[in-house]
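>>> Let's see this in three dimensions:
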Amino acid sequence: MVSNNAVLGGSGQIAPAAGNSVSVDGQLAPGAADGACGTLTLGSAEQATSLALNGTLAAEIGMDGHDRVTVLGDVSFGEGASVTVTALDEQVWLARRGEEIPLLTWTGTKSGTWTTASTLPSGWKIFERTSSLVLCYVPTGTMISVQ
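Here you go, the predicted model:
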């Protein structure tokens, strides 16, 4: 349980014991302490877990990488669930156009809804895809999404 005003962050893997889940009321911040981008994995191939996100997923993107949370199991978004994205360098927003950048992926089911809490540069959006939340640039005009 990550309480309000607390942070669960870093890179690597967290595999709770069978029957336990990860609940975040504060901030979920994947990545390394030195500001390097990284992946935080919740659960394992042998033991699925679930994430209840009631707080904020805070991710950073850089020229060569991005922060990401991988949940080997289910994800539920609570009433206060939000996503913020910051760039390590303002040039990232230009250089990474044309990419879909996964911020959160899951292997199980998803329930609830999330909101975008941070203001993104013009044209940048966070979309929900099958089993993931992705950041991508969508130029002005008509967007057609086929699933």
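
>>> Any regions of the protein where pLDDT drops low?
Along the chain, the parts satisfying pLDDT under 70 run over 33-35, 141-145, 147.

>>> Okay, helices next: where are they in it?
For the chain, the helices defined by DSSP state H cover 92-95.

>>> Mind listing residues that contact stretch 74-82?
Stretch 74-82 is contacted from outside by 25, 48, 50-57, 104, 106, 108-117, using CB atoms under 8 Å, 6 or more residues apart in numbering. (C-beta placed from N, C-alpha, C; glycine too.)

>>> list the buried ones in stretch 124-137?
124, 126, 132-137 (16 or more other CB atoms under 10 Å).

>>> ok, back up a step: in strands, which of the contacts of stretch 74-82 fall?
Among the contacts of stretch 74-82, the members falling in strands are 50-53, 56-57, 104, 106, 110-112, 115-116 (criterion: DSSP state E).

>>> For ChimeraX, write the selection for the buried entries among the residues you listed.
Applying 16+ other CB under 10 Å to the ones in strands among the contacts of stretch 74-82 leaves a buried subset, and the ChimeraX line that selects it is:
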select :50,51,52,53,56,57,104,106,110
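
>>> For Val24, give its distance to Leu57.
According to CB to CB, to the nearest Å, Val24 and Leu57 sit 8 Å apart.

>>> let me redo that: Val138
In terms of CB to CB, Val138 sits 20 Å off from Leu57.

>>> same check, this time on Met1
Distance from Met1 to Leu57, by CB to CB: 16 Å.

>>> Over to Phe77?
Phe77 is 10 Å from Leu57, by CB to CB.

>>> Need the overlap of contacts for the two.
Shared contacts of Phe77 and Leu57, counting by CB under 8 Å, 6+ apart, come down to Trp114.

>>> got the contact list for stretch 9-21?
Residues contacting stretch 9-21 (CB under 8 Å, 6+ apart): 8, 22, 27-33, 38-44, 47, 49-52, 73.

>>> Give the buried subset of those as a PyMOL selection command.
Of these, the buried ones go into a single PyMOL selection, burial set by 16+ other CB under 10 Å:
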select buried, resi 8+22+27+28+29+30+31+38+39+40+41+42+43+49+50+51+52+73
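
>>> The contacts of stretch 9-21 in strands, which ones?
Short answer: the contacts of stretch 9-21 in strands (DSSP E) are 8, 22, 27-30, 39-42, 49-52, 73.
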